[in-house]
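**Q** Sharing a model that was predicted from the sequence below.
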Amino acid sequence: MAENLLANGGMKTILFVEDDPIIIRVYCTKLLREGFLVEVAEDGLAAVKMLPAVKPDLVVLDLMMPKFNGADVLKFIRSDSVLRATPVILLSNAFMSDLAQEATAVGAELALLKSGCTPAQLVMAAGKLLGCATREDESFQRVAVKEPSRW
């Protein structure tokens, strides 16, 4: 059976890297309700600056962003000795581009098409990659999380 999100020292942290405020609000609200801690970077440069301090358990990464694109962020993660093993989910609509091919070659664990992925599907994918329960698992114990008003 999968581990509970609260096991092993606390909740799992996800760095959600996305520049669209609507996407941020929809997906991050669902992740928070499922018991994940969520940090948000609204562009690739902000993500690169946050990653060493946050040391997330998982990164959800858009490809098409200002300042640094998602492929650049993924290269940074894979080149850093501390972050290298961090699982990355690409959540983008840019999968037919050279950028997507570059990001896939660098090593994302999963690529999801944003236009075809519901917040619930992202939560399930995150839970599977992190080896932890989601609300779908009967053993999951939810915790109250106040949603940030900035989204």
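**A** Structure's in. What do you need?

**Q** so where do the strands sit in this structure?
**A** 13-17, 37-41, 58-61, 88-92, 110-113 (DSSP state E).

**Q** Can you add mean neighbour count, mean pLDDT and distance to Met124 and give these back as JSON lines?
**A** For glycine as for every other residue, the C-beta is placed from the backbone atoms N, C-alpha and C. Shown next, in JSON lines, are those (neighbours: other CB atoms under 10 Å; pLDDT from 0 to 100; distance: least, CB to CB, whole Å):
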{"stretch": "strand 13-17", "mean neighbour count": "25", "mean pLDDT": "97", "distance to Met124": "13"}
{"stretch": "strand 37-41", "mean neighbour count": "21", "mean pLDDT": "96", "distance to Met124": "16"}
{"stretch": "strand 58-61", "mean neighbour count": "25", "mean pLDDT": "96", "distance to Met124": "13"}
{"stretch": "strand 88-92", "mean neighbour count": "24", "mean pLDDT": "90", "distance to Met124": "11"}
{"stretch": "strand 110-113", "mean neighbour count": "16", "mean pLDDT": "84", "distance to Met124": "11"}
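
**Q** Mind checking those strands for the one nearest to Gly131?
**A** Closest approach to Gly131 among the strands of the chain (CB to CB): strand 58-61, 10.8 Å.

**Q** which other helices and strands contact that closest one?
**A** Helices and strands in packing contact with strand 58-61 are listed as strand 13-17, helix 44-54, helix 70-79, strand 88-92, helix 119-130; criterion 3 or more CB pairs under 8 Å, 6 or more residues apart in numbering; DSSP states H and E.
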